[in-house]
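Undergrad: with the sequence up front, the predicted model follows.
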Amino acid sequence: MVRLFASARTARADEALVRALHGEHGPSLLAYATRLTGDRAAAEDVVQEAFVRAWRNAGALAAAPDTVRAWLFTVARNLVVDRARALAARPAEVTELAPADPVLHDHAQRVVDSMSVLAAIDRLSADHRRVLVEIYFHDRSVADAARALGVAPGTVKSRSHYAVRALRAVLAGQPEWAAT
């Protein structure tokens, strides 16, 4: 019974010591670990583990109070080094790889989009459709499109402006005349 009571008293004293150490050195140890890791969450893990080790070694720390701060910072540094070595030794985790976005590489979606745009272009007036085909599908400048269509460059600019507005309206489900 006496042994159990002494053990409980020692555990309370160790806990009080670690609480006092955390209050005194916790913020600076967290700042140090954050600088070393570059990650606040990882630094918090390092600090927590450092204080768990301090609790396990509370008797030794209580006997040498002048070296406690240096001991805590050394433990934190060693934990960061061990963590970096462990990460370097393991193969890359799936979340660390550059994910391939299936939507960006979905050929079917591109086909559906192309079909939707072509159907919308078919609903435009012939003049608007010809201007869009020359500029966007044949990749011609305004001057080249004007020569190919036999109209003035200003007309190509105007028609392309209204054609794009009408195309947007068609794709949005509005009637073409609503955009003009």
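TA: Looks like it came in fine.

Undergrad: OK, contacts around Arg53?
TA: Val75 (C-beta atoms under 8 Å, 6 or more residues apart in numbering). All C-beta spots, glycine's among them, are computed from the backbone N, C-alpha and C.

Undergrad: now do the SS call for Arg140.
TA: Taking DSSP: H, G, I helix; E, B strand; the rest coil as the rule, one finds Arg140 in the coil state.

Undergrad: count of neighbours near the closest residue to it other than its chain neighbours?
TA: Of all residues not flanking Arg140 in the chain, Glu134 sits nearest, at 5.1 Å (C-beta to C-beta, 6 or more residues apart in numbering). By other C-beta atoms under 10 Å, 22 other residues sit near Glu134.

Undergrad: kindly list the longest helix within this structure.
TA: In the chain, ranked by residue count with DSSP state H as the criterion, the top helix is helix 2-37.

Undergrad: in it, which residues are buried?
TA: Judged by neighbour count using 16 or more other C-beta atoms under 10 Å, the buried positions of helix 2-37 are 14, 17-18, 21-22, 25-26, 29-30, 32-34, 36-37.

Undergrad: so among these, where is pLDDT lowest?
TA: Among the buried residues of helix 2-37, Asp14 has the lowest pLDDT, at 74.

Undergrad: how far away is that one from Arg168?
TA: 71 Å (C-beta to C-beta, to the nearest Å).

Undergrad: which stretches of this protein form helices?
TA: Using DSSP H, helices in the chain cover 2-37, 40-56, 58-63, 68-89, 107-122, 126-132, 142-149, 153-171.

Undergrad: domains of this structure?
TA: 2-96, 107-178 (automatic domain parsing).

Undergrad: just give me the lowest mean pLDDT stretch among the ones you listed.
TA: Among those, domain 2-96 carries the lowest mean pLDDT (a mean of 81).

Undergrad: output stretch 152-169 in PDB with nothing but the alpha carbons.
TA: C-alpha atoms of stretch 152-169 as PDB (Å, rounded to 0.1, in the frame of the first residue of the first chain):
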ATOM      1  CA  ALA A 152     -14.300  44.600 -94.600                       C
ATOM      2  CA  PRO A 153     -12.200  43.800 -91.500                       C
ATOM      3  CA  GLY A 154     -14.600  45.900 -89.400                       C
ATOM      4  CA  THR A 155     -17.400  43.700 -90.500                       C
ATOM      5  CA  VAL A 156     -15.400  40.600 -89.400                       C
ATOM      6  CA  LYS A 157     -14.800  42.100 -86.000                       C
ATOM      7  CA  SER A 158     -18.500  43.000 -85.600                       C
ATOM      8  CA  ARG A 159     -19.800  39.700 -86.800                       C
ATOM      9  CA  SER A 160     -17.400  37.800 -84.600                       C
ATOM     10  CA  HIS A 161     -18.400  39.800 -81.500                       C
ATOM     11  CA  TYR A 162     -22.100  39.100 -82.100                       C
ATOM     12  CA  ALA A 163     -21.500  35.500 -83.100                       C
ATOM     13  CA  VAL A 164     -19.700  34.800 -79.900                       C
ATOM     14  CA  ARG A 165     -22.500  36.400 -77.900                       C
ATOM     15  CA  ALA A 166     -25.100  34.400 -79.800                       C
ATOM     16  CA  LEU A 167     -23.000  31.200 -79.300                       C
ATOM     17  CA  ARG A 168     -22.900  31.800 -75.600                       C
ATOM     18  CA  ALA A 169     -26.600  32.300 -75.500                       C
END
